[in-house]
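Pasted the sequence and its predicted model underneath.
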Amino acid sequence: MERLPFFLRLLRRRARETAGYDVEWEPGLEVPAADGSTLLTDHYAPVTDAPCPVLLVRSPYGRGFPWNALFGAGFAAQGFRVIVQSTRGTGGSGGSFHLWRNEAADGQATVEWLRKQEWFPGTFATIGPSYLGYVQWSLGLDPPPEWRAAILQVPAHDFYQGFYPDRQGAFRLELSLISGTAFFHQSAGAAAYAGALLRLTVHLRHAVRGLPLLDSYRRALGGRRQEFEDWVNHPYPDDLFWSSSDAGPAADRMTVPVSLVSGWHDLTLEQTLAQYARLRAAGQEPTLMIGPWTHTSAFDKGWPDLFRDALEHLRVHLLGEGERSTRVRVHVGGEWRELSHWPPPSTEVRLHLRPDGGLGELADGATSFDYDPADPTPSFAGQLQSRTQGARDNRPLESRADVRTFTTGPLPEALEIIGTPTVDLHATGSTGHFDLFVRLCDVDPEGRSVNVCDGFARLTPDHADEDPVHIALGAAGHRFAAGHRIRLQVSGGAHPRFARNYGTGEPLGTAVRLVATRTTVHHDPAHPSALALPVV
């Protein structure tokens, strides 16, 4: 074992008040993967002669900062022996990286290696965010008997759903470019990753606006990437390409206590809540924490809460000390609320979209707008990875001619929602190929319109005009203060969060024609378009 690098020692000194142990490390261990390839692994340990519980972290993003600080040195200073490993084909590990085909087998091989170490106490826990959560779900497809606790922070488990959340072929274009840059370059080192991010920033507009997409994206990713093209060219869930990409069935098999963490504007919030429900259906009692975070700010603004939650989970389930203080903890109206389960009981309140731009009682009429894919309605705020992610003032977006808003009067008293708002829209599109992007906002007395949650649907000519389009807006915990107004935005897209609808039905990757669509939302007793809120 060696002294920590100077940078980590400096961080440890600054966090001395939370550190119980000095830390040493053993870098570059060679752990055999399922096929004998080498998985490079760093070993962090507290300086003590006492046996230490083991914490396993497997990552495709390298073993350097922030993983070495947050997990390696950070948890070792709390008395845990931490194993930080680069997954196959990343960070110097052997083999070729693939998003989902190797993690289950390589995770099992790593556990087999743990069993042979003289310092292994016979039990271990796992922790990590995003893709580091996916590798935990993969391990859960065949849970090792020594596994005692899993901490899944803003985790993913289903890559098809991650790229195509509406399951109708609407591609998360921005996410695929940003995540692809991370997957392809981050483990190569800070300088290489910074260069790749700069290239993506410079060429992003060309990548998302150029036609055809399978040519225009290449500048942004530094050349042709077969992985990206495969994601684009396989838009439907029953395609064999996506076989085994969903590790969700792990929730049916795991008996290890699970801690789930997400944020109201997290890219994977819906996946996390789906797994929470699946674990409960299987007889588990997972813990759940949802904060006022995005996918990335959970590890910036939210790290103190995540760190405390993780330590409590580990001490209870890995060390057998005490018990979890709460089952579900959500951030609403600037404060934390404790719930017995998700979602809590609520009463549905329906507000009808009105042709005069109001939101309330039903009235006859219709509202129309034009969506032009040559000048697509931009994505702004919400579940993004770009700079406008999270809660933002939506007035710049709402000022566009292709965005319609429906707003209540000032609320006479506060109204609180916890759950998943939904919208039923009776909508038609002139081309038959059109999208609906719907967003719930809180409008304060000064007119600032802040997004709460949103939803998306892609329609084709198969959609019957008389049938309402049912859109779940995503989970929310929000308090509308007295004097504030409730607003619903309706538009024809959010590009490049979702790749624009060309209006032609042609394949996303090869299409070169753009056709504008006139979208009409109907409001009358036969077509009662409405917003439904889960009021608590």
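Looks like it arrived, so ask away.

what about the helices in the stretch 1-150 of the chain?
Along the stretch 1-150 of the chain, the segments classed as helices by DSSP state H, counting those that start in this stretch run 6-14, 67, 74-76, 103-115, 131-139.

typo on my end, the stretch 201-350 of the chain
213-216, 218-221, 226-233, 250-253, 269-281, 303-317.

Strands of the stretch 1-150 of the chain, residue ranges please.
Here the stretch 1-150 of the chain has its strands, by DSSP state E, counting those that start in this stretch, at 2-3, 23-32, 38-46, 54-59, 81-86, 124-130, 147-155.

could I get those strands as JSON lines with distance to Ser346, mean neighbour count and mean pLDDT?
(Each C-beta comes from the backbone N, C-alpha and C, glycine too.) As requested, the strands of the stretch 1-150 of the chain are arranged in JSON lines below (distance: least, Cβ to Cβ, whole Å; neighbours: other Cβ atoms under 10 Å; pLDDT from 0 to 100):
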{"stretch": "strand 2-3", "distance to Ser346": "54", "mean neighbour count": "10", "mean pLDDT": "80"}
{"stretch": "strand 23-32", "distance to Ser346": "46", "mean neighbour count": "16", "mean pLDDT": "96"}
{"stretch": "strand 38-46", "distance to Ser346": "44", "mean neighbour count": "22", "mean pLDDT": "97"}
{"stretch": "strand 54-59", "distance to Ser346": "37", "mean neighbour count": "24", "mean pLDDT": "98"}
{"stretch": "strand 81-86", "distance to Ser346": "41", "mean neighbour count": "26", "mean pLDDT": "98"}
{"stretch": "strand 124-130", "distance to Ser346": "29", "mean neighbour count": "25", "mean pLDDT": "97"}
{"stretch": "strand 147-155", "distance to Ser346": "25", "mean neighbour count": "25", "mean pLDDT": "98"}
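
Those strands into JSON lines, with extra columns for distance to Arg167?
Listed next are the strands of the stretch 1-150 of the chain as JSON lines, based on distance: least, Cβ to Cβ, whole Å:
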{"stretch": "strand 2-3", "distance to Arg167": "49"}
{"stretch": "strand 23-32", "distance to Arg167": "37"}
{"stretch": "strand 38-46", "distance to Arg167": "34"}
{"stretch": "strand 54-59", "distance to Arg167": "28"}
{"stretch": "strand 81-86", "distance to Arg167": "32"}
{"stretch": "strand 124-130", "distance to Arg167": "21"}
{"stretch": "strand 147-155", "distance to Arg167": "20"}
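
of all those, which lies closest to Arg404?
Among those, the nearest to Arg404 by Cβ to Cβ is strand 147-155 (32.1 Å).

Touching the next helix or strand after the closest one from outside, list them.
Next along the chain after strand 147-155, taking DSSP states H and E as the criterion, comes helix 159-163. Identification of contacts with helix 159-163 by Cβ atoms under 8 Å, 6 or more residues apart in numbering yields 99-100, 134, 156, 167, 171-172, 175-176, 231, 237, 242, 245-246, 267-268, 270-271.

one more time with 6 Å
Defining contact as Cβ atoms under 6 Å, 6 or more residues apart in numbering, one finds that helix 159-163 is touched by Leu99, Trp100, Ala156, Arg172, Trp231, Pro237, Trp242, Ser245.

wait, what's in contact with the second one?
It stands for Trp100. Residues in contact with Trp100 (Cβ under 6 Å, 6+ apart) are Phe159, Ser245.

The same query, at a cut-off of 10 Å, please.
131, 134-135, 138, 157-160, 242-247 (Cβ atoms under 10 Å, 6 or more residues apart in numbering).

so which of the residues you listed comes closest to Ala104?
Within the contacts of Trp100, the smallest distance to Ala104 is 4.2 Å, found for Ser138 (Cβ to Cβ).

Give me the nearest residue to Arg329, chain neighbours excluded.
Met289 (4.7 Å; Cβ to Cβ, 6 or more residues apart in numbering).

mind checking how far the one you found is from Gly302?
Between Met289 and Gly302 the distance is 9 Å, computed by Cβ to Cβ, to the nearest Å.

what is in contact with those two at once?
Contacts common to Met289 and Gly302, judged by Cβ under 10 Å, 6+ apart, are Gln153, Val261, Gly263, Asp309, His331.

Tell me who's in contact with Pro129.
Pro129 makes contact with 59, 61, 67, 70-71, 151-156, 261-262, 266, 268, 295-296, 298-299, 306, according to Cβ under 10 Å, 6+ apart.

Buried ones from the residues you listed, can you make that a ChimeraX selection?
The buried residues among the contacts of Pro129 can be selected in ChimeraX (16 or more other Cβ atoms under 10 Å) with this line:
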select :59,61,67,70,71,151,152,153,154,155,156,261,262,266,268,295,296,298,299,306
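
want to try a markdown table for the helices of the stretch 1-150 of the chain, with distance to Arg324 and mean pLDDT as columns?
Shown next, in a markdown table, are these (distance: least, Cβ to Cβ, whole Å; pLDDT from 0 to 100):
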| stretch | distance to Arg324 | mean pLDDT |
| --- | --- | --- |
| helix 6-14 | 28 | 68 |
| helix 67 | 25 | 90 |
| helix 74-76 | 18 | 95 |
| helix 103-115 | 25 | 98 |
| helix 131-139 | 18 | 98 |
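
Redo those as TSV? Include distance to Asp462.
What follows is these, written out as TSV (distance: least, Cβ to Cβ, whole Å):
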stretch	distance to Asp462
helix 6-14	56
helix 67	46
helix 74-76	51
helix 103-115	36
helix 131-139	33
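
still on that earlier bit, so which pair among the contacts of helix 159-163 is furthest apart in space?
By the measure Cβ to Cβ, Trp100 and Arg172 form the most distant pair in those, at 16.5 Å.
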